[in-house]
Structure formats: structure tokens, C-alpha cells
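> structural data only, the sequence is not supplied:
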């Protein structure tokens, strides 16, 4: 849970949610994270991503 309820961009998303947001397969999201294309952190063998970083990636992806 985020302490800043006014800003959903501080929310942490899991691989499945990011895959859904970016229209990618979860395995692709994990590969992008390992290769440094997506900013994320790995805790207890699970990737987590900030919603703000995913929004930035979506904006860049839309320009390609």
C-alpha cells in the first residue's frame, strides 16, 4: 500500500498487471526487466514495478 493515496503512480505493480497494461506476455515483461528495458525491483523472486515507470514506458512505446 502507498502512503500517498493521492498519487497512484507510486503504486507497485506485479508482472501480470504490467503485462496487461503493456499488452505483453508476463515472460516478456520479466525479460525486459532483466535486460534493463523496464525499471523494476525483484523481491522474493517476484518483480515489482512502479506505475509511474510503466506509464513512461507506455508513452515511449506509443511513439515507436
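Here it is on my side, so go on. These numbers come from a predicted model, not from an experiment.
> by contact count, what packs against the lengthiest helix in the chain?
Using DSSP state H, we find that the single longest helix of the chain is helix 51-63. With contacts taken as 3 or more Cβ pairs under 8 Å, 6 or more residues apart in numbering; DSSP states H and E, helix 51-63 sits against strand 12-14, helix 15-22. All C-beta spots, glycine's among them, are computed from the backbone N, C-alpha and C.
> what's the angle from that helix to helix 15-22?
40 degrees (axes from the mean of the first three to the mean of the last three Cα atoms, to 10 degrees).
> low pLDDT regions in this protein?
Low-confidence segments of the chain (pLDDT under 70): 1-8.
> one step back: can you put the helices and strands packed on helix 51-63 in a markdown table and add mean neighbour count?
Below are the helices and strands packed on helix 51-63 laid out as a markdown table (neighbours: other Cβ atoms under 10 Å):
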| stretch | mean neighbour count |
| --- | --- |
| strand 12-14 | 16 |
| helix 15-22 | 17 |
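> ok, which of the ones you listed comes nearest residue 48?
strand 12-14 (4.6 Å; Cβ to Cβ).
> which residues sit against the closest one?
2, 21, 46, 47, 48, 49, 50, 51, 54 (Cβ atoms under 8 Å, 6 or more residues apart in numbering).
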